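**Q** The following comprises the amino acid sequence and a computationally predicted model.
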Amino acid sequence: MEILISFIIPFLILLTVVVFVHEYGHYYFAKKYGVGVTDFSIGFGKEIFGWTDKNGTRWKFSALPFGGYVKFFGDHNIFSDYNRDELRKKYNEEDQKKLLAFKPLYQRNIIAFGGPLANFILAFFIFLCVFMFVGKDFTPASISEVQKGSPAEISGLKENDILIDIDGNKVESLGDVSKFIVLSHDDLIKVTVLRNNQELSFDVKPETVNSVDNFGNPIDKRIIGIVIKPNNDELNFTKLGPAKASYYAIKEIFFVSHKTLELLWGFIQKIWGKGYGDLKQLGGPIKIAKITGQVAKFGVVAFLSIMAYISIS
């Protein structure tokens, strides 16, 4: 029962929302361009329950809750190719108007892109609401300790340095520091600090250690040997207006998308022994369920945030 409450239920809630939004993106543009939709399913396999709307679409929940699909009239999917002459023989003129194969190429492409677009929109609204109603962390980060013999000490970083940029990424909060270091992949990390009102840059060669993340999952973690603290020992969480919240929501989506593609390329190169990234971090539904359950314990905001990140991914 504890496993059900802690892991399975949060995972199914997250997956249902993300999959529904994704498939609804395909559905929305299919209906917009007159393509017939016979089924909208959350999950695969045997139907558990559902209903048929006035347009003839069967909305249903199926037995295997790992994904979902939209089924178009004629059982055609958005990635297939067809012989239109055969379809003209099989379907009358009225039914042909509902077939995906007879739609212009740009409409078929928009229908295909509708799912990913909907996931980006979901992530945007989650970040937007969090930044507007909960707030965004703008706490400046400074170094409270430089460990002896560490890459940071060797490179010249010192206690009380204020971190302002890591690898070209502006440090706007405490959380940015570890995020930018862990997600870096070059041999050297460029760290820019403010020291006595003067900007200084250092090239730091990080170490990789066997560690665990905040949820106890093993990772190969990059470290430079610093302990950070809020500058002036003050936390700064600010609720943003719609315009600023939108800006930071788009910025976060771009950052996650860019890093996802960057790390994916690193994983591909690693197959030939010259890439980067921790392959142990790749996981399927079981790992996502574990992380989702762990995140849910931190509250609604943390759960919504992981939903946004998975939706982008």
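**A** The structure has been received and is ready for your questions.

**Q** Against which helices or strands is the helix or strand harbouring Pro10 packed?
**A** Element membership of Pro10, judged by DSSP states H and E, is helix 9-32. When contacts are defined as 3 or more Cβ pairs under 8 Å, 6 or more residues apart in numbering; DSSP states H and E, helix 9-32 sits against strand 37-52, strand 58-72, helix 105-129, helix 285-296, helix 300-312. All C-beta atoms are positioned from the backbone trio N, CA, C, and that covers glycine.

**Q** In terms of mean pLDDT, which of the ones you listed ranks lowest?
**A** Across those, the stretch with the lowest average pLDDT is helix 285-296; it has a mean of 61.

**Q** re earlier: quick one, which of the helices and strands packed on helix 9-32 is nearest to Lys259?
**A** Shortest separation from Lys259 across the helices and strands packed on helix 9-32 is recorded for helix 300-312, at 10.1 Å, computed as Cβ to Cβ.

**Q** any idea how far that closest one is from the chain center?
**A** On the basis of Cα atoms, centre = their mean, to the nearest Å, helix 300-312 is displaced by 8 Å from the centre of the chain it belongs to.

**Q** buried set for that helix?
**A** For helix 300-312, the neighbour count (16 or more other Cβ atoms under 10 Å) marks 303-312 as buried.

**Q** Could you do stretch 85-105 as well?
**A** Neighbour-count burial for stretch 85-105, counted by 16+ other Cβ under 10 Å, picks out 87, 91, 98-103.

**Q** okay, how far is it across it, tip to tip?
**A** Distance between the boundary residues of stretch 85-105 (Cα to Cα, to the nearest Å) amounts to 17 Å.

**Q** what do you get for stretch 89-105?
**A** Distances were taken as Cα to Cα; on that basis the terminal residues of stretch 89-105 are 22 Å apart.

**Q** Stretch 30-39 too?
**A** Span of stretch 30-39 from end to end, Cα to Cα: 12 Å.

**Q** that older thread, show me which of the buried residues of helix 300-312 is closest to Asp39.
**A** For these, the closest approach to Asp39 (Cβ to Cβ) belongs to Ser311, at 22.6 Å.

**Q** got the contact list for that closest one?
**A** With contacts defined as Cβ atoms under 8 Å, 6 or more residues apart in numbering, the neighbours of Ser311 are 18, 21-22, 119-120, 122-123, 126.

**Q** mind listing the strands for the stretch 201-313 of the chain?
**A** Per DSSP state E, counting those that start in this stretch, the stretch 201-313 of the chain has strands spanning 207-212, 218-223, 226-230, 237-238. These are given in chain order.

**Q** Which two among the contacts of Ser311 are spaced furthest apart?
**A** Spanning the widest gap among these are His22 and Ile126, at 14.4 Å by Cβ to Cβ.

**Q** Show me what counts as buried in the helix or strand hosting Gly175.
**A** Using DSSP H and E, Gly175 maps to helix 174-182. For helix 174-182, the buried set under the neighbour-count rule, 16+ other Cβ under 10 Å, comprises 174, 176-182.

**Q** So what's the residue count around Gly168?
**A** If you count neighbours by other Cβ atoms under 10 Å, Gly168 ends up with 8.

**Q** Setting the sequence-adjacent residues aside, check what's closest to it.
**A** Nearest in space to Gly168, with sequence neighbours left out and distances taken as Cβ to Cβ, 6 or more residues apart in numbering, is Lys190 at 7.2 Å.
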